[in-house]
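Enquirer: Generate coordinates for the sequence data below:
(one chain, ligands or ions: 3)
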Amino acid sequence: MEEKTNDPPKQEQENQQEGTWARQAWAHLSTVRQQSPLIQCITNFVSMDLVANVMLAAGASPAMIHSIEEIPDFTPKAHALYINVGTLTPDWLPAMKLAIQVANENKKPWVLDPVAAGASGFRLKACLELLGMKPTVVRGNGSEIIALFKGSEDSNSKGVDSMHESTDAVEAAKSLAEVSGSIVAVSGAVDIVTDGQRVVGAKNGVSMLQKITATGCSVTALIAAFVAIDPSRAFEATASAMSVFGVASEIGMDMAKGPASLRMHMIDSLYGLDRATVLHRVNISAI
Ligand SMILES: Nc1ncnc2c1ncn2[C@@H]1O[C@H](COP(=O)(O)OP(=O)(O)OP(=O)(O)O)[C@@H](O)[C@H]1O
Ligand SMILES: Cc1ncsc1CCO
Ligand SMILES: [Mg+2]
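Expert: Ligands and ions are numbered 1, 2, ... in the order given. Here you go, the predicted model:
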């Protein structure tokens, strides 16, 4: 016979934990709105507009400052740094590396988006070098995280789009997190977040996000904003950011007619998210 304890049954404990994640997500979003952290973004040309608008809608303050000349003055002022290699050319790398070095020296968190990491040898090498500079968080799709973990190009690469489900990349993400010391996040139908030991899944979002370019870039930027206001708990902040972005897209989808209107309604919904909606909709649980 099972020994009697005063602990609540397992299902009840899980429900309590899920409620804790939702309350935490609301706390993170409210704090971003109150503090409006300044996020320096060195991101790709395709994503600049959506990334900046998503961050503004969430309450953060984005600045697309990527010239190497400005980094010594500007990077120390930022609360977090966002690096995205989407349209990487060799002349951008020194600025990225200097900004990361300055962020690290100033103990500011920084977040890496390894767009299309396995698409070419040049891109893979650059991503691995940046990963070696110890990002607080790295967020990619399944194929990008698997390419980083294997350290090899992907002969089947479809460029910026994923050929893998996020759930195919759980073990790669865990190992990558252990080896790199970074929080690793994998986007997809279930967004996975791991520190190498703990693994949680955020089950928010809509599949039509894949039909809007740079939604992955934008969720990584949102992670940077959430980590900026809770840097010592980057694992939790990452899960909150991914779930909140997903919730905004779910509400936006109710009003959307296709990708273009989803883009607009998702931004509006993120701007308008209230406590009750976040507590009701955030769906994060252990995996
Ligand atoms: N099948 C899906 N169902 C629900 N949400 C999804 C699905 N696939 C992706 N998403 C969501 O879409 C957003 C972008 O994730 P995705 O994996 O498409 O990023 P990405 O490939 O890096 O995108 P990009 O390179 O265009 O910026 C995330 O918020 C993710 O949760
Ligand atoms: C389409 C595209 N190409 C390089 S970066 C980018 C934006 C989505 O990652
Ligand atoms: Mg991407």
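Enquirer: what about whichever residue of the stretch 101-250 of the chain sits closest to ligand 2, how many neighbours?
Expert: In the stretch 101-250 of the chain, the residue that lies nearest ligand 2 is residue 160 (3.9 Å; Cβ to the nearest ligand atom). Where you see a C-beta, it was placed from the backbone N, CA and C, and this is true even at glycine. Residue 160 has 20 neighbouring residues, counting by other Cβ atoms under 10 Å.
Enquirer: mind checking how far the nearest residue to it once chain neighbours are set aside is from ligand 3?
Expert: Leaving out its chain neighbours, the residue that sits closest to residue 160 by Cβ to Cβ, 6 or more residues apart in numbering is residue 116, at 4.8 Å. Noted for residue 116: a distance of 7 Å to ligand 3, by Cβ to the ion, to the nearest Å.
Enquirer: quick one: contacts for residue 116?
Expert: 85, 86, 123, 144, 157, 159, 160 (Cβ atoms under 8 Å, 6 or more residues apart in numbering).
Enquirer: Tell me where the chain has strands.
Expert: Assigned by DSSP state E, the chain shows strands spanning 38-42, 61-63, 80-84, 110-113, 137-141, 183-187, 191-194, 199-202, 284-286.
Enquirer: Need the ones you listed in TSV (columns: mean neighbour count).
Expert: TSV is the format used below for those (neighbours: other Cβ atoms under 10 Å):
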stretch	mean neighbour count
strand 38-42	24
strand 61-63	19
strand 80-84	28
strand 110-113	30
strand 137-141	28
strand 183-187	30
strand 191-194	27
strand 199-202	23
strand 284-286	17
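Enquirer: Export those strands as TSV, with columns for distance to residue 51 and mean pLDDT.
Expert: Shown next, in TSV, are these (distance: least, Cβ to Cβ, whole Å; pLDDT from 0 to 100):
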stretch	distance to residue 51	mean pLDDT
strand 38-42	6	99
strand 61-63	7	99
strand 80-84	8	99
strand 110-113	10	99
strand 137-141	13	98
strand 183-187	15	99
strand 191-194	18	98
strand 199-202	20	98
strand 284-286	23	97
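Enquirer: would a markdown table of these with distance to residue 276 be doable?
Expert: Converted to a markdown table, the strands of the chain look like this (distance: least, Cβ to Cβ, whole Å):
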| stretch | distance to residue 276 |
| --- | --- |
| strand 38-42 | 27 |
| strand 61-63 | 26 |
| strand 80-84 | 28 |
| strand 110-113 | 29 |
| strand 137-141 | 28 |
| strand 183-187 | 26 |
| strand 191-194 | 22 |
| strand 199-202 | 19 |
| strand 284-286 | 17 |
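Enquirer: can I get the ones you listed in JSON lines with distance to ligand 2?
Expert: What follows is the strands of the chain, written out as JSON lines (distance: least, Cβ to the nearest ligand atom, whole Å):
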{"stretch": "strand 38-42", "distance to ligand 2": "13"}
{"stretch": "strand 61-63", "distance to ligand 2": "16"}
{"stretch": "strand 80-84", "distance to ligand 2": "8"}
{"stretch": "strand 110-113", "distance to ligand 2": "8"}
{"stretch": "strand 137-141", "distance to ligand 2": "9"}
{"stretch": "strand 183-187", "distance to ligand 2": "11"}
{"stretch": "strand 191-194", "distance to ligand 2": "16"}
{"stretch": "strand 199-202", "distance to ligand 2": "20"}
{"stretch": "strand 284-286", "distance to ligand 2": "24"}
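Enquirer: Nearest residue to the middle of the protein?
Expert: The chain has residue 220 as the residue nearest its centroid, 3.1 Å off, counting by Cα atoms, centre = their mean.
Enquirer: per-residue confidence at that one?
Expert: Residue 220 carries a pLDDT score of 99 in this model.
Enquirer: now swap in residue 8 and tell me
Expert: With respect to pLDDT, residue 8 has a value of 75.
Enquirer: Ok, residue 11 next?
Expert: 78.
Enquirer: Please tell me how far it sits from ligand 3.
Expert: Distance from residue 11 to ligand 3, counting by Cβ to the ion: 36 Å.
Enquirer: Quick one: neighbours of that residue, just the number.
Expert: By other Cβ under 10 Å, 8 other residues sit near residue 11.
Enquirer: ok, back up a step: how about the contacts of residue 116 in a markdown table, adding pLDDT and distance to ligand 1?
Expert: Output for these, formatted as a markdown table (pLDDT from 0 to 100; distance: Cβ to the nearest ligand atom, whole Å):
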| residue | pLDDT | distance to ligand 1 |
| --- | --- | --- |
| 85 | 98 | 11 |
| 86 | 98 | 7 |
| 123 | 98 | 13 |
| 144 | 98 | 7 |
| 157 | 91 | 12 |
| 159 | 95 | 9 |
| 160 | 97 | 4 |
